[in-house]
Each structure stands twice: as C-alpha cells, then as structure tokens.
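>>> Here is my input; please provide its structure:
(one chain, ligands or ions: 3)
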Amino acid sequence: MNKIYNPKPETWSSILERPTKTVDDIEATVKEIFKEVQKKGDEAVAKYTSLFDGVAVDTMIVTEAEIQEAIAAVPQELKEAIALAKANITAFHRAQKTERVAVETVPGVSCWQEKRPIQKVGLYIPGGTAPLFSTVLMLAVPAEIAGCNEIVLCSPPDKGGKINPAILFAANLCGVTKIMKVGGIQAIAGLTFGTESIPKVYKIFGPGNQFVTVAKQLATQFGVAIDMPAGPSELLIVADDTAVPAFVASDLLSQAEHGADSQVILVSTSKKLIDAVADEVATQIEALPRKAIAEKAIANSKLIYVETDAIALDLINEYGPEHFIICSEFDDFYSNNVLNAGSVFIGNYTPESAGDYASGTNHTLPTNGYAKNYSGVNLDSFMKTMTFQKINEKGIQAIGKAIEIMAEAEGLQAHKNAVTLRLKALENGK
Ligand SMILES: NC(=O)c1ccc[n+]([C@@H]2O[C@H](COP(=O)([O-])OP(=O)(O)OC[C@H]3O[C@@H](n4cnc5c(N)ncnc54)[C@H](O)[C@@H]3O)[C@@H](O)[C@H]2O)c1
Ligand SMILES: N[C@H](CO)Cc1c[nH]c[nH+]1
Ligand SMILES: [Zn+2]
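Numbers count the residues shown, from 1 in each chain. Ligands and ions are numbered 1, 2, ... in the order given. Sure, this is the predicted structure:
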C-alpha cells in the first residue's frame, strides 16, 4: 500500500483521485445500447445479455416456479440471517416516516406538505462478481414501506441463465412485483424505455459497476429519475493509536474485495498505526478467496499520515467517502464535523460490514465524491413531497394585493387577473 506522509493540501485532489474509468470512456457504449434498446426492445436486450453476460436466456421474466425452487434452495441459517437484517432495516426505515407539515401562513391561507409513493420503481441488484442479495433488502424494504405499487427488480443472469437463489428469495420476501434476468447497461435501458418484457419505471435505484452507474446517469436524460450515482465501493478510515490494526485492516479489505476499482484509504495521525495496518493487510489478504480482486484495489489505495486531526478532517471532507469509519480518541470531533460522507461508522466495534448487511442503515450510497451533494438511499428516496394550499375569502384578501403587484411587475397580466377577479367579486359581495 502507498504510504504518504504530510501531503500538502494542493496535492490532495490528485492523491485522492478515484481509480474509476471516466464517464467519457463508457458513455459512447451506453448511448449506443440505449438507442438500440429503445428501437428494438427485448431483441436488443437479449443481444447484449449474450454479449456481456455470455448467456442466452429463453425468457427474461423469472417464473413463480423459479422463485419456489430458489426458496427451497436457500439454507435455513441464511433465511434466518436475512430475517434479522430485514427486521433491522425495516425498523430504521419505518422510523423515517414523517408527519404532515401544516402551517397557516396568514389567517385564511393554509399550506401543507404530504408525501406520496413513487408508483413504479426499478431496483438494480448487482450480480457481476458477487450476488448482492443484501441490496435487495436495502431497496425493496423501503420501497414497500413507502407504498410503491410496482417494484421491478433487474439482476444479471449467471452463465446458466439463472439469478442467484438468495436474490430471488429476498425479492419474494420483500414484495418485489416482477423479477427480470437482465443486468448492466441493457437493464437500465430497459427500465428507462420499457420493452415487451421490462416495464418502464419512473425511478431507478441501486448500485452497480461503472457501466451501470453511467447508464443510470444517461437515463435521467430520458425523463427517468435515479437515486444517485452509486458506483464502485469505497471506504476511508480515520484511526489513531486507540484503533486495533487488525480491525482496521479487515475493514479496508472488506471494501477492497468488492472490485478492482474499489478504493480504500487510511488517514492517521500515528505513523506506528499506519505501519501496523500495512502489515496486517499484507497478512490478511493472503487468506481471502477474492485476493486477486482485493490486491488490485489495494494497489490503488493509500495510507496517509497527517499531523493533526483538523488536517485529517479537511482531507476527509474534500474526499467525501462513501463509507467513513472513525476509530479515534476524538470520535466526537469527527462525527460532529464531518460534512461529506455517505454513511459513518464509529468505534472499534462498528465494522463497515455491519452497515452492508444488518445494522439497519442503507448500504446504497453515493460514491466518487457524490457524498458532497447526494444522500444515500432512504425512505424519502421512494417518495415525492407534494404541497397543498387552501385559501378562503379572508386569505385571498390578505395576500391578493401583493400577488397583483408582483404579477404586474413580471408582466404577467393573466396571473394578476386571476386574483383581481376574485377580489372584485368579494368587494361586490358575490
Ligand atoms: N455504492 C454502493 O452503494 C454499492 C453497493 C453495492 C455494490 N457496489 C458496487 O457495485 C459494483 C457491482 O459490480 P459488478 O460488476 O459485480 O456487478 P453489476 O451487476 O453492477 O455489473 C455486471 C454487468 O455489467 C455488464 N458489463 C460487464 N462488462 C461490461 C462491458 N465491458 N461493457 C458493457 N457492460 C459490461 C454486464 O452486463 C454485467 O451483467 C461493484 O463495483 C461494487 O463495488 C456499490
Ligand atoms: N459495501 C457495498 C456498498 O458499497 C454494499 C455491500 C453489499 N454486500 C456487501 N457489501
Ligand atoms: Zn460491502
């Protein structure tokens, strides 16, 4: 791992550059696939599934028989673990429901705000190198709590043309209404335009590799909303001598094993800790089944020494990590002052994996610095906020004049008239 000591602030952005491909590299492919799916529907989707996933599927739609087969195939122990995770995710997301906000701004003018579910949502579940059934819980649980009535799930088929049984089990458990064997750019294009088999949706959710992430961003140009750009996983840990090097190394490796383009960073005010963590990473990586993947991510990763916690905090806020672990004597300082992070994990006994699976928080989070301007998935992601107003005679008399003056000043006579007619009617006692 690269050790960097006291980097000057002007070098931070190049040191902290993500290893992901730039959007330009992928955009041309995404555009071409979108065009073809829009024109040819299922035929184009099947073509790209065969090209990128190396399999020809008879029908993209998962049947009830396949779901029942999957339910039978999932071991009882895993079913119980999924049930525990689902209960915690449900508890945390249900608690995010908010009351109606109502204010009488002036007597006779009532304004209120209410939330409504997004009716049709598409959930993308990654399946390229690992079948992320935990992501089903993270997306379908809040979708169901919000009251979305069409929940379409897409995930890439394996070489045998099947979706991992745990994904199907979790989807069935969490109220998904339609499951499709399709992944990558072609899945996002299908959800954007609709095909003979894939329903067109209003909003697309879920993480994925760079192809999926760029495709989601392009989907927004065709009127579909997305949760956020949630690309290759990343983790930044700030730790000092109160941290346990073996724990810190295990957390770094947990995100490094996601993909070669994942990025993990340690920031520390202790050179001793940096050395101990580097040794631990070298030892622990040897035993990992996904060592080859983790090694590539670790090669891009950094161990950064800084002199003070204040400098560390500035660097962290500039980076805006997807996940931020704090193992420091000054954990309050970091948790109170961090501005840019998708999800924060505090203390030696809060591994990042807890948020990935079962603490209750959502693991679908902004990457690539988007934690500066996007939230992770939460209950509100599946809802729209609508405002209402009801004005009585007294109310329109209170604000009518101001509206008339403002409409006149904007040169919008019809706007003014809509008020003037009412005010006159009231003056005339109508
Ligand atoms: N940010 C988050 O919240 C979060 C959560 C979970 C996972 N992740 C990330 O999700 C990613 C999952 O990636 P994955 O690859 O395992 O699964 P994936 O399902 O995202 O992507 C697999 C699909 O990519 C397509 N593809 C592969 N190579 C291609 C190419 N050369 N051209 C066009 N399309 C191609 C194929 O259609 C394949 O089905 C990882 O990077 C992981 O770090 C992020
Ligand atoms: N760490 C991933 C988000 O970046 C989520 C995940 C799912 N399974 C394991 N991890
Ligand atoms: Zn993870």
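
>>> Could you look up the next helix or strand downstream of the least confident helix or strand in the chain by mean pLDDT?
The least trusted helix or strand in the chain, going by mean pLDDT, DSSP states H and E, turns out to be helix 23-40, with a mean of 93. Using DSSP states H and E, the helix or strand that directly follows helix 23-40 along the chain is helix 42-53.

>>> Can you list the buried residues in that following helix?
Under the neighbour-count criterion of 16 or more other Cβ atoms under 10 Å, helix 42-53 has Asp42, Ala44, Val45, Ala46, Lys47, Tyr48, Thr49, Phe52, Asp53 buried. Any C-beta I mention is one placed from the backbone N, CA and C, and that applies to glycine too.

>>> List just the nearest of those to Val306.
Set against Val306, the nearest of those by Cβ to Cβ is Phe52 (41.9 Å).

>>> So for Tyr124, what's the nearest residue that isn't a sequence neighbour?
Leaving aside its chain neighbours, Tyr124 sits nearest to Gly206 (3.3 Å; criterion: Cβ to Cβ, 6 or more residues apart in numbering).

>>> That neighbour reaches Val121, doesn't it?
No. The pair Gly206 / Val121 is not scored as a contact, 9.9 Å apart, by Cβ atoms under 8 Å.

>>> what does the chain put close to ligand 1?
Applying Cβ under 6 Å from any ligand atom, we find that the chain lies next to ligand 1 at 29, 52-53, 126-130, 132, 135, 156, 183-185, 207-209, 211-212, 230-233, 258-259, 262, 322, 363-365, 367.

>>> Which among these count as buried?
52-53, 126-128, 132, 135, 156, 183-185, 207-209, 211-212, 230-233, 258-259, 262, 322, 363-365, 367.

>>> if we can go back for a sec, for the residue nearest to Tyr124, give me phi and psi.
Backbone torsions of Gly206, given as degrees, to the nearest 10, read phi 120, psi 150.

>>> Pull up the residues of the chain that are close to ligand 2.
Residues of the chain lying near ligand 2 (Cβ under 6 Å from any ligand atom): Leu132, Ser134, Thr135, Ser233, Gln255, Glu322, Asp356, His363.

>>> Kindly reformat those as TSV containing secondary structure and pLDDT.
Output for the residues of the chain next to ligand 2, formatted as TSV (DSSP: H, G, I helix; E, B strand; the rest coil; pLDDT from 0 to 100):
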residue	secondary structure	pLDDT
Leu132	coil	96
Ser134	helix	98
Thr135	helix	98
Ser233	coil	95
Gln255	helix	98
Glu322	coil	98
Asp356	helix	98
His363	coil	98
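
>>> quick one: which of those residues is nearest to ligand 1?
Ser233 (3.5 Å; Cβ to the nearest ligand atom).

>>> Give the full set of residues in contact with that closest one.
Going by Cβ atoms under 8 Å, 6 or more residues apart in numbering, Ser233 touches Pro207, Gln255, His258, Gly259, Ser262, Glu322, His323, Thr367.

>>> One more: Val338?
Going by Cβ under 8 Å, 6+ apart, Val338 touches Leu313, Ile316, Asn317, Phe324, Val344.

>>> ditto for Val344
Applying Cβ under 8 Å, 6+ apart, one finds that Val344 lies in contact with His323, Phe324, Ile325, Ile326, Ser335, Val338.

>>> So the fifth one versus ligand 2, what's the distance?
Going back to what we said before, that points to Ser335. 20 Å (Cβ to the nearest ligand atom, to the nearest Å).

>>> Show the average pLDDT along the helix or strand hosting that residue.
Per DSSP H and E, Ser335 falls inside helix 331-337. Average pLDDT, helix 331-337: 98.

>>> Please identify the buried residues of that helix?
For helix 331-337, burial by neighbour count (16+ other Cβ under 10 Å) applies to Asp331, Phe333, Tyr334, Ser335.

>>> For the residue nearest to Tyr124, grab the count of nearby residues.
28 (other Cβ atoms under 10 Å).

>>> Quick one: residues contacting the closest residue to Glu150 other than its chain neighbours.
Of all residues not flanking Glu150 in the chain, Lys120 sits nearest, at 4.2 Å (Cβ to Cβ, 6+ apart). The contact partners of Lys120, by Cβ under 8 Å, 6+ apart, come to Cys148, Asn149, Glu150, Val152, Pro199, Lys200, Val201, Tyr202, Lys203.

>>> Phi first, then psi, for the nearest residue to Ala276 once chain neighbours are set aside.
Closest residue to Ala276 apart from its sequence neighbours, by Cβ to Cβ, 6+ apart: Pro245 at 3.7 Å. In this entry, Pro245 is assigned phi and psi values of phi -50, psi -40 (degrees, to the nearest 10).

>>> ok, Pro245 to Leu313 distance?
Plainly put, Pro245 is 22 Å away from Leu313 if you go by Cβ to Cβ, to the nearest Å.

>>> what's the span of stretch 402-415 from first residue to last?
In stretch 402-415, first residue to last residue: 12 Å (Cα to Cα, to the nearest Å).

>>> ok now it, how far from the chain's centre?
Chain-centre distance of stretch 402-415: 42 Å, with Cα atoms, centre = their mean, to the nearest Å.

>>> Rounded mean pLDDT for it, please.
Mean predicted lDDT for stretch 402-415 stands at 98.

>>> what's in contact with it?
Taking contacts as Cβ under 8 Å, 6+ apart, the residues outside stretch 402-415 that touch it are Lys416, Val419, Thr420, Leu423.

>>> who does the helix or strand encompassing Phe388 pair up with?
Taking DSSP H and E as the criterion, Phe388 maps to strand 383-391. Here strand 383-391 is paired, per DSSP bridges, with strand 109-117 (antiparallel).

>>> All the strands of the stretch 51-200 of the chain, residue numbers only.
101-106, 109-117, 120-124, 150-155, 178-181 (DSSP state E, counting those that start in this stretch).

>>> List the contacts of the first one.
Yep, that's strand 101-106 we're talking about. Ser110, Cys111, Trp112, Gln113, Gly395, Ala398, Ile399.

>>> Who is the third one paired with across the strands?
So that's Trp112. Ala102, Phe388.

>>> check contacts around whichever residue of the stretch 251-400 of the chain sits closest to ligand 2.
Nearest residue of the stretch 251-400 of the chain to ligand 2: Asp356, at 3.6 Å (Cβ to the nearest ligand atom). Residues near Asp356 by Cβ under 8 Å, 6+ apart: Ser134, Ser254, His363.

>>> Same check on Asp240?
Ser268, Thr269, Ser270, Leu273, Cys327, Ser328, Glu329, Phe330.

>>> could you redo the last one with a cut-off of 6 Å?
Thr269, Ser270, Ser328, Glu329 (Cβ atoms under 6 Å, 6 or more residues apart in numbering).

>>> In these, which residue is surrounded by the most others?
Highest neighbour count within these, by other Cβ under 10 Å: Ser328, with 25 neighbours.
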